[in-house]
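Participant: Fold the following for me, if possible:
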Amino acid sequence: MPVIEVNGAQVYIEDTGAPPGRPDAPAIVFGHGLLFSGRMYAAQVAKLKDRYRCVTIDWRGQGKSPGSPSDAHMDTLFEDAVAIIESLDAGPVHYVGLSMGGFVGIRLGARRPELLRSLSLLDTSSGPEDPDNVSKYRLLAKVYRIVGMRPVSSQVLPIMFGKTYLGTAAGKAGVKDFLRDLGQVKRPGMVKAILGVTDRPAVADELARIHVPTLVIVGEEDVATPVEKSRTIVAGIVGSRLEIVPEAGHSSTVEQPERLSDLIEAFVDQH
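Facilitator: Presented below is the predicted three-dimensional model:
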């Protein structure tokens, strides 16, 4: 069942199911970052699926999920995540969220902790979008809606990826895959997703309500949600731990797949 109905929207998921011989294996639910899809966790799912049930979500309007008549605000995506976890009878789960997936993860940890075994927050923030970025991102969204991503890719790529990755052969291939996949998404739904990020409210005051084991990971070269934003999250969640990944930008699971896979595996194994 790759497409499920949740809260008036169709949402695409991929579910590896329980590993052979491990019918009671815990589930790991992955929430991707803006402009991506569940595919950004391909390396992590490949490493973990033999021991865990792995579920990736394509947020409404992104990846293979069609857009919906309603918005893609972070509270809406939070409600989608709750509905998916409950409909799959998968809870409590290990939740891994990158960027906007992390915005959802903070809400899950604070508001529905009974659904979680652990929380991994990657390259994300508990604050609103920086005011200096809001007008720029809104303009990029308008241009993208009319002409697509390629004409503005020179401005978008340094936000989404670190400078080290962009300078490698793997990075150049990864960018081609990123732009190809993005070109297959219907633009109106993606624009709603972009505005959901730019217009998001702060949730820093909810951090103190998170008591599930929490790992915070950030790429050292992340310019979209810099390291200091992760330090703020760690300061707000008692017992949480910070890992800073060298030579990684905002899309750390893609840029440093082995390192991120190892960090996530060690953390979920522990809990």
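Participant: Tell me which stretches of this structure form helices.
Facilitator: 42-48, 74-87, 100-111, 131-147, 153-160, 163-166, 169-183, 187-198, 227-236, 252-255, 257-270 (DSSP state H).
Participant: buried ones in the helix or strand bottoming out on mean pLDDT in the chain?
Facilitator: The weakest-scoring helix or strand in the chain, judged by mean pLDDT, DSSP states H and E, is helix 131-147 (a mean of 84). Residues 137-138, 140-141, 144 are the ones in helix 131-147 that count as buried (16 or more other Cβ atoms under 10 Å). From N, CA and C alone the C-beta is placed, and that goes for glycine too.
Participant: And the helices of the chain: which comes nearest residue 204?
Facilitator: Evaluated over the helices of the chain, closeness to residue 204 peaks at helix 227-236, with 6.3 Å, by Cβ to Cβ.
Participant: relative orientation of the closest one and helix 100-111 in degrees?
Facilitator: Angle of helix 227-236 versus helix 100-111, following axes from the mean of the first three to the mean of the last three Cα atoms, to 10 degrees, is 10 degrees.
Participant: ok, back up a step: so which of the buried residues of helix 131-147 is the closest to residue 256?
Facilitator: Residue 256 has its nearest neighbour among the buried residues of helix 131-147 in residue 137, at 24.9 Å by Cβ to Cβ.
Participant: does that closest one really touch residue 198, like I thought?
Facilitator: Yes - between residue 137 and residue 198 there is a contact under Cβ atoms under 8 Å: 4.8 Å.
Participant: So for those two, which residues contact both of them?
Facilitator: Common neighbours of residue 137 and residue 198, using Cβ atoms under 8 Å, 6 or more residues apart in numbering, are residue 129.
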